[in-house]
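Enquirer: test case, fold it:
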Amino acid sequence: MAGVHLITGEDDFKVSETAKKLIADAGSVETIDSAASSNAERQLEDVARARESYATPPFLEPSKATWWKNVWFLPRSGGRKSGDGAEQRLSADVKAALESFANFMASSPLPGNQTFVITAPGVLATSVFYKTLKGVAQIAAFAEEKPREKAESAKAFAVETAEADGLKFESDAAAAAFVAIAGTDSRTIRSEISKMRDYLGDGETTIRAADIEAITSRGPGEETGVWRLAEAVAARNAGAAAAAVKALEADGGFAVVATNTLERLFRQLAALKDAAAKGKSDEAAAAMGMQPWLARKNTGFAAKWTMAELRAARVRFMALREKVVSSSGGADAMVLVEVLRACRPRGGR
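Expert: Predicted coordinates:
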C-alpha cells in the first residue's frame, strides 16, 4: 500500500510481519536497519539515509518501498536501557533531525508507486515528530495488553503458528502449557514452534505435553535469547544476529554468556562437520549429548561454513571470552563486532 506508514509496538514480530505485508509487492525494497545505531552519530546517519531514500523515486522498477526498521530512538517517554541499566536519552541533534524529516514528509507527499514504512518499539504521541507525521501517515500501534489478555492472544497465536507449520496442539491445555513456558513474545513463540517442528520430525503432527516439556525453552529470558543468537550466527544471518545481540545486551553479564555459547556452538559445528565427512554424524551427536533433531539442524548449519572458518571463529570467541571477563567496559560492542565478523559472507568484508 503506497504512502507513509508508522507501525509501533514492543512485539517486534507483529510489527515486522505487518511491515512485510506492506512492502511485499514493491518492485524494489530498500531497508535501513537502526537496531545497532547506539549513538547520535549513527542515528543522524540513519535519519539522513531515510530522508534520501524517501526523496528518491523508483528507478527502472515500477514501484519502490523503503523500510526503516528498529528505529528505537524515536521520541519516547523513557529512554532505551543500556547494558548497565542506564537510560539512553535522545540527543537534541537527533530530535531536531527527526522533526525536520517529519516536516519534509508532511510537505512532500509520495507518488502513488512509492511506500515508506517506519517501524519502532514506540513513539510519544505528544512529540512534534508524531504530531507532524500523524497528518500524512497511516499509523498502526500494537498496544500493550493486560497479562490475561496477553496470555490468551499468545495462545491463539501459538495455535495459528503451529497450524501454519502443519502442527496442532493435542488440547487447549497443551497450548496454554506451551505459552506458560515459552512466554507471550510472538517472535519467541515463532522460534519455539520452529524448534518443535524440527524436534517432532516429518512423521508427527501433534504437539503433546511431553514434547513441550522436553524441548520448549523458558522465556522470555536469557535461555531463549541466547538460543536465538546462536541460531542466527550458525545460519550466518548478520541482521538477525545483530538484533539478538541488541536484545540481549540489556541484561548485565550477557557478554560472558554469549561468548561461552558461541564458542561452544563453533566447537560443535566443527565436530559435526568433521563427523558428517566421515559418515559418523550419529556417533558425534551422541558423544555431545545432542538430540537427533538438533544434530540434523546443526549439521545443516555446519555446511554453510568451511572447517577453517569454524575453527578460526571458535578461537576468536575463546579469546573474546577472556577479554570480556576482565573488561571494565565496552564488552557489548566487542561481542557485536565479533558476531558480525563471524557472519560475513565468505570472502566478504
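Enquirer: low-confidence stretches in the chain?
Expert: Scanning the chain for pLDDT under 70 picks out 1, 77-88, 147-148, 218-225, 249-253, 291, 325-332, 346-349.
Enquirer: please pull up the helix or strand immediately following the single longest helix found in it.
Expert: For the chain, the longest helix by residue count, based on DSSP state H, is helix 254-277. Sequence-wise, the next helix or strand beyond helix 254-277 is helix 281-287, with elements assigned using DSSP states H and E.
Enquirer: who are the packing partners of that following helix?
Expert: For helix 281-287, the elements it packs on are helix 254-277, helix 292-302, judged by 3 or more C-beta pairs under 8 Å, 6 or more residues apart in numbering; DSSP states H and E. C-betas here are computed from N, CA, C, even on glycine.
Enquirer: if you count neighbours, what's buried in it?
Expert: The neighbour-count check on helix 281-287 (16 or more other C-beta atoms under 10 Å) flags Ser281, Ala284, Ala285 as buried.
Enquirer: pick the one among the residues you listed closest to Phe178.
Expert: Using C-beta to C-beta, the shortest approach to Phe178 within those belongs to Ala285, at 25.7 Å.
Enquirer: any idea how many residues pack against the residue lying closest to the closest one once chain neighbours are set aside?
Expert: Using C-beta to C-beta, 6 or more residues apart in numbering and skipping residues adjacent in sequence, the residue nearest Ala285 is Ala295, 3.5 Å away. Neighbour count of Ala295, defined by other C-beta atoms under 10 Å: 20.
Enquirer: pretty sure Ala295 sits against Gly289.
Expert: No: the criterion here is C-beta atoms under 8 Å, and Ala295 misses it with Gly289 at 10.2 Å.
Enquirer: what helices or strands is the longest helix of the chain leaning on?
Expert: helix 222-234, helix 238-248, helix 281-287, helix 292-302, helix 307-326, helix 331-343.
Enquirer: as a markdown table, these with distance to Lys21 would be great.
Expert: Below are those laid out as a markdown table (distance: least, C-beta to C-beta, whole Å):
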| stretch | distance to Lys21 |
| --- | --- |
| helix 222-234 | 23 |
| helix 238-248 | 19 |
| helix 281-287 | 39 |
| helix 292-302 | 28 |
| helix 307-326 | 36 |
| helix 331-343 | 27 |
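Enquirer: quick one: closest of those to Pro58.
Expert: helix 238-248 (23.7 Å).
Enquirer: for the closest one, the distance to its chain's centre please.
Expert: Distance of helix 238-248 from its chain centroid, counting by C-alpha atoms, centre = their mean, to the nearest Å, is 6 Å.
Enquirer: return the list of helices and strands in contact with it.
Expert: Counting contacts by 3+ C-beta pairs under 8 Å, 6+ apart, helix 238-248 packs against helix 222-234, helix 254-277, helix 331-343.
Enquirer: between the helices and strands packed on helix 254-277, which gets nearest to Ala137?
Expert: helix 238-248 (24.0 Å).
Enquirer: before we move on, the earlier item: wait, which of the buried residues of helix 281-287 is closest to Thr188?
Expert: Ala285 (25.5 Å).
Enquirer: Pro292 is in contact with that closest one, correct?
Expert: Yes: applying C-beta under 8 Å, one finds Ala285 in contact with Pro292, separated by 6.5 Å.
Enquirer: need the helices and strands packed on helix 238-248 in CSV with distance to Tyr199 and mean neighbour count, can you?
Expert: Formatted as CSV, the helices and strands packed on helix 238-248 follow (distance: least, C-beta to C-beta, whole Å; neighbours: other C-beta atoms under 10 Å):
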stretch, distance to Tyr199, mean neighbour count
helix 222-234, 13, 21
helix 254-277, 17, 20
helix 331-343, 25, 19
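Enquirer: could I get those in a markdown table, plus columns for distance to Leu22?
Expert: Output for these, formatted as a markdown table (distance: least, C-beta to C-beta, whole Å):
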| stretch | distance to Leu22 |
| --- | --- |
| helix 222-234 | 24 |
| helix 254-277 | 33 |
| helix 331-343 | 27 |
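Enquirer: for Thr56, find the nearest of the ones you listed.
Expert: When the helices and strands packed on helix 238-248 are compared by C-beta to C-beta, helix 331-343 sits nearest Thr56, at 27.0 Å.
Enquirer: helices and strands around the closest one, which ones?
Expert: By 3+ C-beta pairs under 8 Å, 6+ apart, helix 331-343 packs against helix 222-234, helix 238-248, helix 254-277, helix 307-326.
Enquirer: now the shortest one - C-alpha only, PDB.
Expert: It stands for helix 238-248. Taking C-alpha atoms only, helix 238-248 is exported to PDB below (Å, rounded to 0.1, in the frame of the first residue of the first chain):
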ATOM      1  CA  ALA A 238      24.100 -11.000  10.300                       C
ATOM      2  CA  GLY A 239      20.900  -8.900  10.600                       C
ATOM      3  CA  ALA A 240      19.200 -11.400  12.900                       C
ATOM      4  CA  ALA A 241      22.400 -11.900  14.900                       C
ATOM      5  CA  ALA A 242      22.800  -8.200  15.400                       C
ATOM      6  CA  ALA A 243      19.200  -7.800  16.600                       C
ATOM      7  CA  ALA A 244      19.700 -10.700  19.000                       C
ATOM      8  CA  VAL A 245      22.800  -9.100  20.500                       C
ATOM      9  CA  LYS A 246      21.000  -5.800  20.900                       C
ATOM     10  CA  ALA A 247      18.100  -7.500  22.600                       C
ATOM     11  CA  LEU A 248      20.400  -9.400  25.000                       C
END
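Enquirer: in JSON lines: the helices and strands packed on helix 331-343, plus distance to Phe13.
Expert: Compiled in JSON lines, these are given as follows (distance: least, C-beta to C-beta, whole Å):
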{"stretch": "helix 222-234", "distance to Phe13": "12"}
{"stretch": "helix 238-248", "distance to Phe13": "11"}
{"stretch": "helix 254-277", "distance to Phe13": "21"}
{"stretch": "helix 307-326", "distance to Phe13": "28"}
